[in-house]
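Q: Predicted model, plus sequence, below.
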Amino acid sequence: MADDLGFADIGCYGSEIRTPHLDALAAKGLRFSQFYNTAKCHSSRVSLLTGLYCDQAGGAGLSRGATIAEVLGEAGYSTSMVGKWHLSKQPTDFGFERYWGHLSGACNFFTGDETFRHNGEKYNVPKRLNGRPFYTTHAMGDFALKFLDEATAQKDPFLLYVAFNAPHYPLHAPEVDVKKCKGRYDDGWDQLRETRYAKQLKSGLIPKKFTLSKRPAHIPAWDSLSAKDRAWESSRMEVFAAMVEVMDANIGRIIAKLKAKGVWENTLFLFCADNGACPFERTRGRKLKPWDPQSYWTYDASWAHAGNTPFRLYKQNQHEGGISSPMIAHWPSGLKAKPGSITRQPAHLIDFMATFIDVAAAKYPKQIADRKIDPLMGKSLLPILQGKQRAPHETLYFHFGTDRALRQGPWKLVSAKLGRWELYNLNEDRTETNDLAAKHPKRVEAMAAKWFDLAKNTERLKGRHLNPVKGTIKKLNFRRDTSGQLK
């Protein structure tokens, strides 16, 4: 799982960012064009781990959810995790036998933070690790290889969950990797979005009938910026690209290890992201270089808009830009779908648990210790991996904060920041450019009632989370200050 990676931020999903290892997986595997996350870091991790919607599972405390590690552990699997946790307690409290990473939602890539743990014990981040300066993405690769060595030394099958914190802010990357991207983004976000969209059309990932959503008012035209601001904007996108390229290189190391251990052919390998690209402007100073541990760069909605090509909006929002993730499945001995093909069948992070249960012949529990476990919401992806048409979800539910959505078949109902309900037919308009709410008021009413039913009775939401939407589309809270930065 990548962190804050947009739908179009890897090569095989339209990007110019160099991701040869992920692209190779896609070329011999299966790409999902309608794979959903929850639009936010911690809630997506809950859904991936439990097969439930976030609050249904008890939120970060997982009080009503079982984890894939607990379920597969009971089925005889060894269980390991590397990377970002961002939930309560530690992975070793929820079925993972091995863990290295940080419990926090974000950290300095060069110095880490106080939440790093190794197998349940505090881990002091060193200045150097395995012969080079410490950098979290490389360190995650190092520990993934270590855990694979330990897991494959046993006869048991294994689960390895690698939760990269790249490319989440702060934008930090080694100098050599940033300089490889120098000048790549000098043409700006408007041209980048057009280029990515054209590549998506050419590859067949996006059908031509889905028009490219327009640049919103809170994003300035690239040509309207001063030369100084264009140079600054280009430089921070270079760092973002470098972070993704370093992540891909470490995915390549994991693949090479699996091949060296002779288990690659029978390994189900899944790659996804936790939410769409992030619009938050939180830069603290521009003078320090992004390979200086004291620096703290981010990018804002302008580059995030390109990251989520061809969709609208961003991380947190339940429009397609917030909840659409790249998802690649690769499994030489088990994948029956045509290698290199694209499936348009909708799927969601809640489907991972059901898939692993299906593949591992495991059993989903009703109780773990004092946790009474909610019924599984996900559906196995195995039929899709086998090239079949899966019985689809009757309903897919989405919620984060005051952003909401519901999908039933091709119909999607969505509200941003308690703004009025919008309605789209995703079979005809995946980029959400033609709101049909006024034409289908009864459908809006019925789908809204279903959303509130799930929110109240399945997710157990209360208070402001159940507030009615407003009568008009709420203006999103994006503005630029006198320096031009998005707030």
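A: Nice, I can see it. This is a predicted model, so every value here is computed, not measured.
Q: quick one: residue 335 and residue 347, what's the gap?
A: In this view, residue 335 and residue 347 are 15 Å apart by C-beta to C-beta, to the nearest Å. No exception for glycine: its C-beta is placed from N, CA and C like everyone else's.
Q: Would you mind telling me which of these two has more residues around it?
A: Shown here are residue 335 and residue 347; by other C-beta atoms under 10 Å, residue 347 has more neighbours (25 against 20).
Q: Show the contacting residues for that one.
A: 32, 34-36, 327, 381, 384 (C-beta atoms under 8 Å, 6 or more residues apart in numbering).
Q: And residue 332, by the same measure?
A: Per C-beta under 8 Å, 6+ apart, neighbours of residue 332: 28, 264-266.
Q: same thing with residue 139?
A: Counted by C-beta under 8 Å, 6+ apart, residue 139 has contacts 100, 129.
Q: Provide the secondary structure category for it.
A: helix (DSSP: H, G, I helix; E, B strand; the rest coil).
Q: repeat for residue 212
A: Applying three-state DSSP: residue 212 is coil.
Q: any idea which helix or strand carries the residue nearest to residue 220 when sequence neighbours are not counted?
A: Closest residue to residue 220 in three dimensions, ignoring its sequence neighbours and counting by C-beta to C-beta, 6 or more residues apart in numbering: residue 302, at 7.3 Å. Following DSSP states H and E, one finds residue 302 within helix 301-307.
Q: Show me what that helix is packed against.
A: Applying 3 or more C-beta pairs under 8 Å, 6 or more residues apart in numbering; DSSP states H and E, one finds that helix 301-307 contacts helix 188-203, helix 227-260.
Q: quick one: which of those helices is nearest residue 415?
A: helix 188-203 (24.9 Å; C-beta to C-beta).
Q: a strand runs through residue 159, doesn't it?
A: Yes - assessed with three-state DSSP, residue 159 lies in a strand.
Q: who are the neighbours in contact with it?
A: With C-beta under 8 Å, 6+ apart, residue 159 has these contacts: 68-69, 72, 77-80, 356.
Q: ok so, going back, residue 233 is in contact with the residue nearest to residue 220, correct?
A: Yes - Residue 302 is within contact range of residue 233, at 6.9 Å (criterion: C-beta atoms under 8 Å).
Q: Please point out which parts of stretch 289-296 sit buried.
A: Using 16 or more other C-beta atoms under 10 Å as the test for burial, stretch 289-296 gives 290-291, 293, 295-296.
Q: What about those residues, which are in strands?
A: Using DSSP state E, no member of the buried residues of stretch 289-296 falls in strands.
Q: so which pair among those residues is furthest apart in space?
A: Between all members of these, the farthest pair (by C-beta to C-beta) comes out as 291 and 296, at 12.7 Å.
Q: can you list the weak-confidence ranges in the stretch 351-487 of the chain?
A: For the stretch 351-487 of the chain, applying pLDDT under 70 flags the ranges 472-487.
Q: Can you spell out the domain ranges of this structure, please?
A: 11-385, 396-466 (automatic domain parsing).
Q: That concludes my questions; thank you for your assistance.
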